[in-house]
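J.: With the sequence up front, the predicted model follows.
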Amino acid sequence: MASYLILTPPGTPDRSEASDRYRDGTRFIRDGFSWKAFVFPSLWMLYHRLWLHAVAAVLLQGFALELMRHSGFFIAGAAIWLGVHILAGLEGPDAAGQRLINRGWKIENLVSARDLATAEEIHFSQLEQESKEDIHPRNWDIPAPNTNTSRPGPSFGLPGYDGGR
């Protein structure tokens, strides 16, 4: 099973206002190894508008190919070349998602599914269920005075933790 990061563009309505406009702009990014990015790292990065990553990949691949031409440096050049491809395959989808997040896209959900169609079905069915339910917002903030004066800060559930070693 793969994980899919679900991103919505800036300016889309909230989840409670699920509409076709919301569905059209939603992006699903698979968290995992990308064979397309592994085989064609520079082209894949250019397609996903990762300009600086693509330039760095081209420069590193050119440097690696130049090293491979010189005797005694073939293994070093091949290692750099293969490293660029492996790094692009492993971290490419994350870089594409991070680019969108930096441009103002919102992380809407994270879904585990076998394939993209199943992930879309799970995500949009959750939205339909939320829109059908008649849930009235309530104030669930219940004031609870802190009567424990022995510790100034939270203990994260660790009994007897007083902040020291």
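T.: Cool, the structure landed. Residues are numbered from 1 along each chain as shown.
J.: Mind jotting down where the strands sit in the chain?
T.: Assigned strands in the chain, in chain order: 2-8, 27-31, 106-113 (criterion: DSSP state E).
J.: List the buried residues for stretch 32-41?
T.: For stretch 32-41, a neighbour-count test (16 or more other CB atoms under 10 Å) marks 34, 37-38, 41 as buried. The C-beta positions use only the backbone N, C-alpha and C, and glycine is treated the same way.
J.: swap that for stretch 58-76, please
T.: 60-61, 64, 67-68.
J.: repeat for stretch 92-103
T.: Buried positions in stretch 92-103, judged by neighbour count with 16+ other CB under 10 Å: 92-93, 95-97, 100.
J.: Have a look at the chain and report the helix or strand with the lowest mean pLDDT.
T.: One helix or strand of the chain scores below all others by mean pLDDT, DSSP states H and E: helix 20-25, with a mean of 58.
J.: And Phe28, how close does it get to Asp115?
T.: 10 Å (CB to CB, to the nearest Å).
J.: likewise Gly83?
T.: 29 Å.
J.: Likewise for Val84?
T.: 28 Å.
J.: of the two, who's got more company?
T.: Neighbour count, other CB atoms under 10 Å: between Val84 and Asp115, Val84 has more, with 21 against 12.
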